[in-house]
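> Structure, please.
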Amino acid sequence: MLKSKVLRFSLSVFLFLALSAHGVANSVQLVLHERVDVTNSLIRLGDVVAQIEGRLEPKQLSALKTLKLKPAPLPGRAGIEITARSLGIYLRVGRSVLKEVGLTPDQVKINPEAKVTVHRKSSSVTADQLKQFVIHQVTQTLTERFPAEYQVEVNRPIRSTEFPFGKVAFSLKPIPAGLLAGSLYTYVDILVDGQKRKTVAVPLTIEMKAHIITATHNIKRHQLISESVLAQQERTITDLRRIPLKLSELLGRRAKSRILKDSILAGDVVESMPKILNGNAILITVQINGVSVRTTGKALADGRVGDKIKVVNQASRKTVIGTVTEDGEIAVNPQR
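Next comes the predicted model:
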């Protein structure tokens, strides 16, 4: 709070104290600040008074200071002036508080030249603060997803903002899963003393420079992935929304769908090889009344361990459904 000069003005108040046997009235004098800085949204008499002189009990003094005057200016806005005339109006509006301390509005006399300027303390959030926070947090998040060199830029100006006075903190909302490069909006919650005051949208452009694996040829659907169709190279990428795969995550697997030449192998473009392939000759084990009967058959679909697939019993030419086992066979449990 700025140290200021104070103006003295007299409020002649006749207070009848219950403690006085003869009902002697007291004279109360208020000393106003010339300027005050408040933190709350409401101005009270205690905010603008530097000193109260007179025969008031502590409880009376405390009650008088709580008298509501008017709303404080918004954070970052110009201060407001309270004159003697307006103060007199506020005292009349707050007659119920005056009554608590044994006063009436008519007992208050105000120096017509008295006035006080009230300003609202605020916490500033600058555009640079938000920008640096977002760039740092986004870069850290992306690096944890996939180690690379990232260039994160805010591509639109951000406005500085004033908030109520307090401890300011930022919280970045999660960015889309898998995103590593491209254009997007990020959202930052601005908190003051732990309470969310505003959410700011921050537009970003992200580029990444990394060693990634690409396809050297067109790869067919369900083709086995081998080193002969892969190449590792350094690229600057401007749009990537899936995590690039490592060599160990590719070899021995097959393409889920067609992969074009020079494509980055990322996300779920490959899958593990099935235990049984469509058209494979397989062994079928049928459990009948506790007795295992084995026969040969043909798979009518791909299947991994635990999958239920259709197979043809070559002996009976019937199609049955069985479960793929760890041994690459089919277990059939016919219903009774």
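
> I figured Ile135 hits Gln151, correct?
No - the criterion here is C-beta atoms under 8 Å, and Ile135 misses it with Gln151 at 9.7 Å. Heads up, the C-betas are built off the backbone N, CA and C, glycines and all.

> Neighbour count for these two, which is higher?
Ile135 (19 against 14; other C-beta atoms under 10 Å).

> For Pro174, see how far away that one is.
From Ile135 across to Pro174, the span is 16 Å (C-beta to C-beta, to the nearest Å).

> Now Thr39, what are its backbone angles?
Note on Thr39: its backbone torsions stand at phi -110, psi -20 [degrees, to the nearest 10].

> for it, what are its contacts?
Contact analysis of Thr39 by C-beta atoms under 8 Å, 6 or more residues apart in numbering lists 120-121, 164-165.

> Mind checking what helix or strand follows the longest helix along the chain in sequence?
Counting by DSSP state H, the longest helix found in the chain is helix 127-145. Per DSSP states H and E, the first helix or strand lying C-terminal to helix 127-145 is strand 149-154.

> Could you list the paired strands of the helix or strand following that following strand along with their orientation?
Using DSSP H and E, the helix or strand that follows strand 149-154 towards the C-terminus is strand 161-164. Strand 161-164 pairs in its sheet with strand 122-125 (antiparallel), by DSSP bridges.

> so Lys209 bridges to which residues?
Glu149, Thr236.

> among the helices and strands of this structure, which has the poorest mean pLDDT?
Across the helices and strands of the chain, mean pLDDT, DSSP states H and E gives its lowest value to strand 15-16, namely a mean of 32.

> where are the low-confidence patches of the stretch 201-336 of the chain?
Applying pLDDT under 70 to the stretch 201-336 of the chain flags residues 335-336.

> Try it again at 90.
286-293, 314-316, 327, 333-336 (pLDDT under 90).

> Now do the strands in it.
Listed in chain order, the strands of the stretch 201-336 of the chain (DSSP state E, counting those that start in this stretch) span 230-237, 254-255, 270-271, 281-288, 291-299, 308-313, 319-324, 330-332.

> and of those strands, who's closest to Asp128?
strand 230-237 (26.8 Å; C-beta to C-beta).

> can you give me how far the closest one is from the chain middle?
Mean C-alpha position of strand 230-237 versus that of the full chain (C-alpha atoms, centre = their mean, to the nearest Å) differs by 34 Å.

> what angle separates that strand from strand 149-154?
Orientation check (axes from the mean of the first three to the mean of the last three C-alpha atoms, to 10 degrees): strand 230-237 against strand 149-154 gives 30 degrees.

> Just the C-alphas of strand 230-237, formatted as PDB.
C-alpha atoms of strand 230-237 as PDB (Å, rounded to 0.1, in the frame of the first residue of the first chain):
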ATOM      1  CA  LEU A 230      12.600 -50.200 -44.200                       C
ATOM      2  CA  ALA A 231      14.900 -47.200 -44.100                       C
ATOM      3  CA  GLN A 232      16.000 -45.000 -41.100                       C
ATOM      4  CA  GLN A 233      16.400 -41.300 -41.900                       C
ATOM      5  CA  GLU A 234      16.400 -37.900 -40.300                       C
ATOM      6  CA  ARG A 235      13.500 -35.700 -41.300                       C
ATOM      7  CA  THR A 236      11.900 -32.300 -40.400                       C
ATOM      8  CA  ILE A 237       8.200 -33.100 -40.000                       C
END
